[in-house]
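Student: okay, sequence plus prediction incoming.
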Amino acid sequence: MTDATEALAAGIPDDVPGGVTGSPGEPVTRCGYVTIAGRPNAGKSTLLNALVGEKLSIVSPRAQTTWERVTGIRTAGGVQMIFLDTPGLLDARDLHQKSMRAAAHEALKEADVVLFVVDASREREEVISEPVVEALAETRAPVVVALNKIDTVDAGFVQRHAQWFQARLGAVPIPVSATRGEGLDALVRALEEALPEGPFLYPEEDLALQSVRFFVAELVRETVFEQFEDEIPYAVATRVEEFREDQDPLYISVVVHVERESQKGIVVGKGGHAIRRLGMASRRKIETFLGRPVYLDLWVKPLKGWRRKRHHLQRLGYRVPDEEP
Ligand SMILES: Nc1nc2c(ncn2[C@@H]2O[C@H](COP(=O)(O)OP(=O)(O)OP(=O)(O)O)[C@@H](O)[C@H]2O)c(=O)[nH]1
Ligand SMILES: [Mg+2]
């Protein structure tokens with residue numbers, strides 16, 4: 001079991017422990033919030049996981065996988081970086097997307113440094129799309145640009161486009177591949193230099209802040225992204241209903257909410273085939289994450305139009321902006 005799962009299995013509290021203050025004569029430390037922002041699918045969550053060294057944020061080939069802020073902490077060489085992974089910046093249409101956008105903008109306000117992730121395999125113009133320009137204009141924090149997925153472009157790409165990026169974004173992009181772990185040392189150095197001096201805010205061994213229940217629900221949602229097509233991944237919200245640690249195997253029940261009655265049939269499948277497949281793959285991930293055997297119960301329940309309804313979103317744990325911007 002890794003440090004993260006030990007800490008998680010022990011139950012990380014949702015509240016924030018007090019700051020650890022340094023005394024005179026101790027070496028100077030650096031610490032701060034690094035908000036990871038960018039277009040949907042740029043590889044933000046993959047990068048968070050690579051930088052923290054633990055799978056904390058769910059990843060999928062589809063856009064709009066991350067729906068709320070996910071925090072991961074990296075403490076090394078006298079520097080503590082508190083990463084805030086955020087939903088991709090997009091034109092928000094329904095209330096759920098507005099909640100995603102609000103989560104990203106809120107995290108940008110808290111940033112000591114913004115880590116702006118650009119997908120090198122996409123058209124450059126996407127980088128300067130309206131939601132991105134708007135979000136970056138709001139932040140006063142220094143911006144470090146990671147040009148991700150360089151494994152998908154030819155070797156001369158970075159050189160050819162570096163000037164363009166610098167002119168548009170005010171920073172020279174650091175080429176990285178989050179999936180291959182390439183360029184991460186240079187990226188970490190740039191982030192370290194941009195962070196303010198200060199005492200660590202969290203114990204050095206902490207990697208995550210969210211509750212075990214959050215990660216379990218997210219792993220089921222990630223599996224939905226993998227196993228279902230079309231609108232289903234965007235119609236499914238997951239919530240842990242029961243978590244009985246005193247049982248062996250650990251008993252967890254998760255409610256899989258769909259938006260419409262007709263989607264229930266798809267998620268359950270013929271003779272319960274689809275839900276069994278979802279349960280099996282989700283359970284394996286949860287067992288790896290927690291390091292112990294798990295009995296997973298999945299319940300599919302329609303929550304009519306939850307993406308559009310404030311009280312449903314709030315009940316599901318999503319922060320909904322007070323005023324719709
Ligand atoms: N080839 C390649 N693919 C990558 C790289 N980084 C991420 N990906 C892939 O890009 C896809 C999206 O990755 P995510 O980490 O979910 O992207 P995201 O920016 O968090 O996406 P949203 O949460 O939807 O905003 C996944 O299929 C990843 O495996 C990379 O360096 N190279
Ligand atoms: Mg993501």
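Tutor: Thanks, I have the structure now. Ligands and ions are numbered 1, 2, ... in the order given.

Student: give me the number of residues near the residue nearest to residue 267 when sequence neighbours are not counted?
Tutor: Nearest residue to residue 267, sequence neighbours excluded (Cβ to Cβ, 6 or more residues apart in numbering): residue 300, at 5.0 Å. Every C-beta, even on glycine, is put in place using the N, C-alpha and C of the backbone. Look at residue 300: counted by other Cβ atoms under 10 Å, it has 18 neighbours.

Student: assign a three-state SS to residue 300, would you?
Tutor: Assigned by DSSP: H, G, I helix; E, B strand; the rest coil, the conformation of residue 300 is strand.

Student: next up, the contacts around it.
Tutor: Shown in contact with residue 300 (Cβ atoms under 8 Å, 6 or more residues apart in numbering): 255, 256, 257, 258, 264, 267, 268, 275.

Student: assess the claim that the second one and residue 227 are in contact.
Tutor: No. In this structure residue 256 lies outside contact range of residue 227 using Cβ atoms under 8 Å: 11.6 Å.

Student: buried residues of stretch 232-241, list them for me.
Tutor: 232, 233, 234, 235, 236, 237, 238, 239, 240 (16 or more other Cβ atoms under 10 Å).

Student: again, but for stretch 199-212
Tutor: 200, 201, 202, 206, 207, 208, 209, 210, 211, 212.

Student: now those as a markdown table including secondary structure?
Tutor: Formatted as a markdown table, these follow (three-state DSSP):
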| residue | secondary structure |
| --- | --- |
| 200 | coil |
| 201 | coil |
| 202 | coil |
| 206 | coil |
| 207 | coil |
| 208 | strand |
| 209 | coil |
| 210 | coil |
| 211 | coil |
| 212 | helix |
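
Student: nearest to ligand 1, of the residues you listed?
Tutor: residue 210 (15.5 Å; Cβ to the nearest ligand atom).

Student: phi and psi next, for residue 258.
Tutor: Dihedral pair for residue 258: phi -110, psi 160, per degrees, to the nearest 10.

Student: how much space between it and ligand 2?
Tutor: Here the distance between residue 258 and ligand 2 works out to 22 Å (Cβ to the ion, to the nearest Å).
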